[in-house]
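# Sequence unavailable; structure follows:
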Ligand code: F6P
């Protein structure tokens, strides 16, 4: 690691900040904390617009000043805009991002993003560029850290939605299926389902079948439960529900667009057909990702943003901020991107034991 040791007023440097990948509530709190700390120490802070693409375009680096952060702590989305990193890496190549960092004379770059973004940050770090990452994803699938910006707010939206679905399901004696995000992991589904008192949770880490789901619904009916709320993660595999002859849709970077599978809708139809029960489905989609951050996202995002600036001031690059055992830590970037975080099956078993 290079050690620049930026001391107050001694050596002003140019610090870039970008957000990439899906937006999440709390991005602005992190940007604000990094930027205000750096500005107070006399450094220049530049917002890189629209993720890594801002490094490649003329005029896409915006100098940030304290007035830019009025209300930022509380606001949703990302004030810097975001573009999926993998799309850009595919179109331009990561070496162009490296050239962009050098051409824009950035002494440090803070990359706020999920696994895709941090992976690119890791490659850039290996090329010797001065990068510090901040984990941000509603999917909560970044390894090592116990906290990712946006997850808590998304869970709270899911919990609120499940409570609303429960009353309408009960009124009409229906099975309501609620589809949530999460890509290949079921964190949003299982944590939302646990806190939101759902009746069933289906996650990618535990593939299941229509028969198994029907058996559980019948058991509920047998004990007098006339309505059910089922949370289904977008990436789950349920044997006998999706038509295997229907091809997946892919986004520009070659990732399957999981929401287009409409697993929630198909599952609701399949349950109705198999049982004669009345079913409905709701996909929460971008409602769970957007909007104002709840208090925990404001607090942790602020602490991670401040930690990113501390890392820069100590020259501790090729690193990612993280929360571990309740404390803010700095972890080697390659360690963070080496794996992804899946839901441990004990958590699903806990849900099943209580539902
Ligand atoms: O940001 C992660 C995520 O929300 C996933 O849960 C979901 O599969 C995906 O993004 C949706 O991506 P897009 O915003 O490109 O539709």
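In hand now; what should we look at? The shown structure was predicted, so the numbers you read here are calculated from the model rather than taken from an experiment.
# Just the element for the closest residue to residue 53 other than its chain neighbours, please.
Residue nearest to residue 53 in three dimensions, not counting chain neighbours: residue 83, with 4.9 Å by CB to CB, 6 or more residues apart in numbering. The C-beta positions use only the backbone N, C-alpha and C, and glycine is treated the same way. In this assignment (DSSP states H and E), residue 83 forms part of neither any helix nor any strand.
# my guess is residue 83 meets residue 50, correct?
Yes - Residue 83 lies in contact with residue 50 (CB atoms under 8 Å); the separation is 4.7 Å.
# residues contacting the residue in the stretch 1-150 of the chain that the ligand sits nearest to?
The ligand sits closest to residue 22 of the stretch 1-150 of the chain, with a gap of 2.2 Å, by CB to the nearest ligand atom. By CB atoms under 8 Å, 6 or more residues apart in numbering, the contact set of residue 22 is 82, 84, 114, 137-138, 289.
# Tell me the confidence at it?
If you check residue 22, the pLDDT there is 96.
# before we move on, what SS does it have?
Here residue 22 is recorded as coil under DSSP: H, G, I helix; E, B strand; the rest coil.
# And it, how far from residue 257?
Here the criterion is CB to CB, to the nearest Å. By it, residue 22 lies 12 Å from residue 257.
# residue contacts, the closest residue to residue 163 other than its chain neighbours?
Leaving out its chain neighbours, the residue that sits closest to residue 163 by CB to CB, 6+ apart is residue 196, at 6.3 Å. Residues counted as contacts of residue 196 (CB under 8 Å, 6+ apart) are 158-163, 231.
# The stretch 1-150 of the chain: strands as residue ranges?
14-19, 44-48, 61-63, 108-113, 131-135 (DSSP state E, counting those that start in this stretch).
# need those strands in JSON lines with distance to residue 301 and mean neighbour count, can you?
Below are the strands of the stretch 1-150 of the chain laid out as JSON lines (distance: least, CB to CB, whole Å; neighbours: other CB atoms under 10 Å):
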{"stretch": "strand 14-19", "distance to residue 301": "11", "mean neighbour count": "27"}
{"stretch": "strand 44-48", "distance to residue 301": "16", "mean neighbour count": "22"}
{"stretch": "strand 61-63", "distance to residue 301": "20", "mean neighbour count": "15"}
{"stretch": "strand 108-113", "distance to residue 301": "9", "mean neighbour count": "30"}
{"stretch": "strand 131-135", "distance to residue 301": "8", "mean neighbour count": "30"}
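# out of those, nearest to residue 225?
strand 131-135 (38.5 Å; CB to CB).
# Kindly reformat the strands of the stretch 1-150 of the chain as TSV containing distance to the ligand and mean pLDDT.
Putting the strands of the stretch 1-150 of the chain into TSV (distance: least, CB to the nearest ligand atom, whole Å; pLDDT from 0 to 100) gives the following:
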stretch	distance to the ligand	mean pLDDT
strand 14-19	11	98
strand 44-48	19	98
strand 61-63	23	97
strand 108-113	9	98
strand 131-135	12	98
